[in-house]
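> Generate coordinates for the sequence data below:
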Amino acid sequence: MEKSKVLVVGGTGYIGKRLVKVSFDEGQETYILHIHRPENKYDIDKVQMLLSFKEHGTHLVPGSFSDHQSLVNAVKLVDVVICAIAGVHVRSHQILLQLKLVDAIKDAGNVKRFLPSEFGTDPARMENALEPGRITFDDKMVVRKAIEEARIPFTYISANCFAGYFLGGLCEPCKILPSRDSVTLLGDGNKKGIRNLCR
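Presented below is the predicted three-dimensional model:
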């Protein structure tokens, strides 16, 4: 069976680094879009991670969301593009950066499969979501529409949420550990729910 050439965008993030590892463990020729950010220059963990990936045979490809041709050049090297940029920064509309990737894939014309950054709750089922989460779901639907209009072969992976993000703080926003003093219940109080509190 012929192996794919895979480009991972966001390859040093929480999900991205795992996707890179699985890709090269499966024997795929793996590329990471390396976006130079001055603030990451002193992030030793990320530098070491990239060096480790490189030692395993992964290729680092320079690129930038503000340089269309660099994205096209990166995409032309592969036949599968997986985007794992974070979607948790809801105020920054970071998910919409994928529109630039969609344009690059369309112009390159060689991609057999695009997996956009989804990896959470299916945005098509979140029409009643509240703010601030609503922003991220709306942005994901904008990206989906662009992918489908461009007729790019795609796969959406909606894992319906990662418990690891919420487990430590028992679903209380911005908490790493559960409070011992109070509990915040979300919503209007009219829905039934169960919460297990262990000491």
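
> all strands for the chain, in order.
Remark: strands assigned in the chain by DSSP state E are 5-9, 29-34, 59-62, 80-83, 113-115.

> Mind putting those strands into CSV with mean neighbour count, mean pLDDT and distance to residue 23?
All C-beta spots, glycine's among them, are computed from the backbone N, C-alpha and C. Formatted as CSV, those follow (neighbours: other C-beta atoms under 10 Å; pLDDT from 0 to 100; distance: least, C-beta to C-beta, whole Å):
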stretch, mean neighbour count, mean pLDDT, distance to residue 23
strand 5-9, 26, 96, 5
strand 29-34, 24, 94, 4
strand 59-62, 15, 94, 11
strand 80-83, 24, 96, 8
strand 113-115, 19, 96, 11
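
> I'd like these written out as CSV, with distance to residue 128 added.
Compiled in CSV, those are given as follows (distance: least, C-beta to C-beta, whole Å):
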stretch, distance to residue 128
strand 5-9, 30
strand 29-34, 35
strand 59-62, 40
strand 80-83, 26
strand 113-115, 26
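
> what's the closest of these to residue 144?
With C-beta to C-beta as the measure, strand 113-115 is the member of those nearest residue 144 (11.0 Å).

> quick one on the thing from earlier: of all the strands of the chain, which lies closest to residue 96?
Judged by C-beta to C-beta, the one of the strands of the chain that comes nearest to residue 96 is strand 80-83, at 11.8 Å.

> Can you find the helix or strand in the chain with the smallest mean pLDDT?
Scoring the helices and strands of the chain by mean pLDDT, DSSP states H and E places helix 163-167 at the bottom, with a mean of 56.

> Quick check: buried residues in the lengthiest helix in the chain?
As assigned by DSSP state H, the longest helix anywhere in the chain is helix 133-149. Neighbour counts using 16 or more other C-beta atoms under 10 Å place 133, 135, 136, 137, 138, 139, 140, 143, 144, 146, 147 of helix 133-149 among the buried residues.
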